[in-house]
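K.L.:
Okay, sequence plus prediction incoming.
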Amino acid sequence: MKRITIIGAGFGALTAARELRKNNAQAKVTMIAPKPEFIYYPGLIWIPSGLRSADDLRIDLHHFFGKNNVDYFQGSVTGLKDNGRVVITDQGEVENDALIIASGGRFIKKLPGIENVITICEGISAAEKMRDQLKAMKGGTIALGFGGNPKEPSAMRGGPMFELLFGLDTQLRQEKRRDQFELIFFSPAPQPGKRLGEKAVKGLLREMEKRNIKTHLGHKMKGFESNKVLTEGGELEADMILFMPGMTGAAWFQNSGLPLSEGGMIKANAHCQVEGFEKVYVAGDSGSYPGPDWLPKQAHMADLQAATAVKNLLLELKGQPVSETFKVELICIVDTLNKGILVFRNINRTLVLPGSRIFHLLKRFFEWTYLHRFR
């Protein structure tokens, strides 16, 4: 029986486990992660408003492991050896005949004073911190923005910050407190959200203007203070700073012997194979893939890459040439708490549909269906 190891417990990792069971019930599948839980990160934007709580988004995976006959190994990966055939963790070593890496990325925390910001995609505690601070504020200025990884253009998460921005505006209006707050959106990019397409950028900026949200765009970041955003274009005073840094690879990648891009991600081809390694694949935020510069780092893309990785891994285990490539597409509903703006992009077209209550409800329905399979 072949031993297949999956590193991670996020979107890509769970999709990989499901696809393996669909296609090869005889394989021994082991999942390595620090905790036996899945956090539904797209729902974090709803915690500050009270639309979601921690228990809504945190899923215990023991039921999933039992249902899919997955062995769980609790530990944090520290490296690889024997060309990926052995995974080294802080709790011991795990051998494999094939490996899928879906451990995600990490935020770049190099800007001075970055400890003064809240990065909501760091997890539930960050979203709850924002919720509690917002509830305690009587008014003031809230600055929201995101950065990138200049050596890895796709390694950024701008979507959640647009959602936080518009959702916060909606929430404050619903609470009849909007006139007590000033919202400022900042980004070193002159056209933030460009990966969504030019139509989307124009639409997002129009929405900010419509909601009386100020902008500070196109100025390189210098750092933060407890009540200031520092850029080469000036300082922004703020009572709360919400910032999403650019992303790079996990720290253990440096001890893995795997080929890394300039931005610190694992180099992979269109088949999700790690360059120069046999039976080692990568899916989701961990990888650096060929494709357009707008190739998204999002859950949908991680799912598509994981499914591709599994198909090719099984072919390789049978001694057959790999042939599957992942579909490149971006599907995003930029939620505003009561409406949603639909953005779709693939190689051939870009589609942006204006805010609608239907899209907000669709986003919530998708969350329910996605999580239902794990509960």
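P.N.:
Everything's here; your move.

K.L.:
So what touches stretch 37-46?
P.N.:
Stretch 37-46 has contacts (C-beta atoms under 8 Å, 6 or more residues apart in numbering) with 9-10, 14, 52, 56-61, 64, 120-121, 123-124, 126-127, 160, 163-164, 167, 299, 335, 337, 363, 367, 370-371, 374. For glycine as for every other residue, the C-beta is placed from the backbone atoms N, C-alpha and C.

K.L.:
The same query, at a cut-off of 6 Å, please.
P.N.:
The contact list for stretch 37-46, computed with C-beta atoms under 6 Å, 6 or more residues apart in numbering, reads 9, 52, 57-61, 120-121, 127, 160, 163-164, 167, 367, 371.

K.L.:
which one among those residues gets closest to Val322?
P.N.:
Minimum distance to Val322 across those is 25.4 Å, recorded for Ala9 (C-beta to C-beta).

K.L.:
thinking again about what came up before, farthest-apart pair in the contacts of stretch 37-46, please.
P.N.:
Every pair of these checked by C-beta to C-beta; the farthest is Leu61 and Gly167, at 28.2 Å.

K.L.:
For Ser60, give me its contacts.
P.N.:
No, residue 60 isn't Ser; it's Asp. Glu37.

K.L.:
If it is in a bridge, with which residues?
P.N.:
Assessed by DSSP bridges, Asp60 has beta-bridge partners Glu37.

K.L.:
where's it relative to His372, distance?
P.N.:
The gap separating Asp60 from His372 is 14 Å, by C-beta to C-beta, to the nearest Å.

K.L.:
can you check Leu242 too?
P.N.:
Distance from Leu242 to His372, counting by C-beta to C-beta: 30 Å.

K.L.:
Between these two, which has more neighbouring residues?
P.N.:
Leu242 (25 against 8; other C-beta atoms under 10 Å).

K.L.:
Neighbours of Leu361, how many?
P.N.:
Neighbour number of Leu361 under other C-beta under 10 Å is 13.

K.L.:
A strand includes it, no?
P.N.:
No - counting by DSSP: H, G, I helix; E, B strand; the rest coil, one finds Leu361 to be helix, located in no strand.

K.L.:
SS state for Leu134?
P.N.:
helix.

K.L.:
try the one 4 residues further on
P.N.:
Here Lys138 is recorded as coil under three-state DSSP.

K.L.:
Next, find the distance separating it from Lys129.
P.N.:
Noted for Lys138: a distance of 18 Å to Lys129, by C-beta to C-beta.

K.L.:
With neighbour numbers in mind, choose between the two.
P.N.:
Between Lys138 and Lys129, Lys129 has the larger neighbour count (other C-beta under 10 Å), namely 16 against 8.

K.L.:
List just the nearest of the contacts of stretch 37-46 to Glu95.
P.N.:
Distances from Glu95 to the contacts of stretch 37-46, taken by C-beta to C-beta, are shortest for Ala9, at 19.8 Å.

K.L.:
Now for that closest one: which residues touch it?
P.N.:
Counting by C-beta under 6 Å, 6+ apart, Ala9 makes contact with Ala33, Phe38.

K.L.:
Next, it: phi, psi?
P.N.:
Torsion angles at Ala9 (phi, psi; degrees, to the nearest 10) stand at phi -140, psi 30.

K.L.:
separation between it and Ala238?
P.N.:
Applying C-beta to C-beta, the value for Ala9 to Ala238 is 35 Å.

K.L.:
how about His219, what does it touch?
P.N.:
His219 makes contact with Thr231, Glu232, Gly233, according to C-beta under 6 Å, 6+ apart.

K.L.:
On the three-state scheme, it is what?
P.N.:
Applying three-state DSSP: His219 is coil.

K.L.:
before we move on, what SS does the residue lying closest to Asn24 once chain neighbours are set aside have?
P.N.:
Leaving aside its chain neighbours, Asn24 sits nearest to Leu314 (5.7 Å; criterion: C-beta to C-beta, 6 or more residues apart in numbering). Classification of Leu314 using three-state DSSP returns helix.

K.L.:
tally of neighbours for Leu314?
P.N.:
Leu314 sits with 20 neighbouring residues when counted by other C-beta under 10 Å.

K.L.:
is it fair to say Leu295 lies in a strand?
P.N.:
No - membership of Leu295 in a strand is not supported by three-state DSSP, which gives coil.

K.L.:
correct me, but it touches Ala155?
P.N.:
No - judged on C-beta atoms under 6 Å, Leu295 makes no contact with Ala155 at a distance of 10.1 Å.

K.L.:
So the two - more neighbours on which side?
P.N.:
Higher neighbour count among Leu295 and Ala155: Ala155, with 24 against 18, using other C-beta under 10 Å.

K.L.:
list the contacts for that one?
P.N.:
The neighbourhood of Ala155, defined by C-beta under 6 Å, 6+ apart, consists of Asn149, Gly246, Met247, Gly263.
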